[in-house]
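In: The sequence and its predicted three-dimensional model are supplied below.
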Amino acid sequence: MDEKIKVEYTAPDFTLKDQDGNDFKLSAHRGKHVLLSFHPLAWTAVCTQQMQSLEEQYRTFQTLNTVPAGLSVDPIPSKKAWADNIGIKKVPLLSDFWPHGEVTMLYDIFREKNGFSERANILVDGKGNIALFKTYPLSQLPDIQEIIAAIKVL
């Protein structure tokens with residue numbers, strides 16, 4: 001892991017488009033926690049479950065003053081079709097397509113040989129600092145309850 005990406009460090013700011021073409025700027029959410037849930041690729045089983053778990057817990061995230069967002073290197077039209085297909089209506093699915101993987105690289109989780117990100121959850125607190133940085137095996141569905149428990153102690 002890069003020295004600049006550690007818990008308590010300031011999260012690198014970025015702006016990406018979501019599945020509806022809206023801008024999502026990390027620093028615009030100061031005062032709220034932001035869960036950046038990186039998934040390798042849309043249209044795959046574990047990634048689908050990961051994003052659906054965010055959608056299912058959306059109300060819980062709201063009560064915890066947290067904005068969940070899914071991120072991958074897929075292009076916006078793919079993100080839109082996928083969101084519609086798997087029932088994502090509230091959670092922004094951000095496209096880190098071009099420049100390819102730029103935000104993923106900022107967070108030092110780009111898998112160069114594969115061209116996509118690690119599976120990871122990065123929790124940014126209301127001050128813009130990284131409160132949790134966890135990667136998972138590509139085949140493992142992150143435990144959403146573990147993330148919710150981490151948010152509750154912020």
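Out: In hand now; what should we look at? Keep in mind that this is a model prediction, so the values were computed, not measured.
In: ok, residues contacting the host helix or strand of Ala149?
Out: Here Ala149 sits within helix 144-152, counting by DSSP states H and E. Surrounding helix 144-152, the residues in contact under the criterion C-beta atoms under 8 Å, 6 or more residues apart in numbering are 33, 35, 53-54, 56-57, 60-61, 64, 66, 121, 123, 131-132. Placement of C-beta: from N, CA and C, glycine included.
In: Equivalent analysis for stretch 104-118, please.
Out: Under C-beta under 8 Å, 6+ apart, the answer for stretch 104-118 is 1-2, 4-5, 12, 14, 36, 38-41, 71-73, 96, 100-101, 120, 122, 135-136, 138.
In: got the CA coordinates for that stretch in PDB?
Out: C-alpha atoms of stretch 104-118 as PDB (Å, rounded to 0.1, in the frame of the first residue of the first chain):
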ATOM      1  CA  THR A 104      -8.500   3.700  -8.300                       C
ATOM      2  CA  MET A 105      -4.900   4.600  -8.800                       C
ATOM      3  CA  LEU A 106      -5.200   7.600  -6.400                       C
ATOM      4  CA  TYR A 107      -6.300   5.100  -3.700                       C
ATOM      5  CA  ASP A 108      -3.500   2.600  -4.700                       C
ATOM      6  CA  ILE A 109      -5.800  -0.300  -5.400                       C
ATOM      7  CA  PHE A 110      -5.500  -0.500  -9.200                       C
ATOM      8  CA  ARG A 111      -4.600  -4.000 -10.400                       C
ATOM      9  CA  GLU A 112      -2.400  -3.100 -13.400                       C
ATOM     10  CA  LYS A 113      -2.200  -6.600 -14.800                       C
ATOM     11  CA  ASN A 114      -6.000  -6.900 -14.800                       C
ATOM     12  CA  GLY A 115      -7.000  -3.300 -15.600                       C
ATOM     13  CA  PHE A 116      -9.500  -3.000 -12.700                       C
ATOM     14  CA  SER A 117      -9.500  -2.300  -9.000                       C
ATOM     15  CA  GLU A 118      -9.200  -4.500  -6.000                       C
END
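In: all helices of the protein, in order?
Out: 45-56, 58-63, 76-86, 102-106, 144-152 (DSSP state H).
In: For Asp18, which of those helices is the nearest?
Out: Nearest to Asp18, of all the helices of the chain, is helix 76-86, at 7.4 Å by C-beta to C-beta.
In: could you give the angle of that closest one to helix 45-56?
Out: 70 degrees (axes from the mean of the first three to the mean of the last three C-alpha atoms, to 10 degrees).
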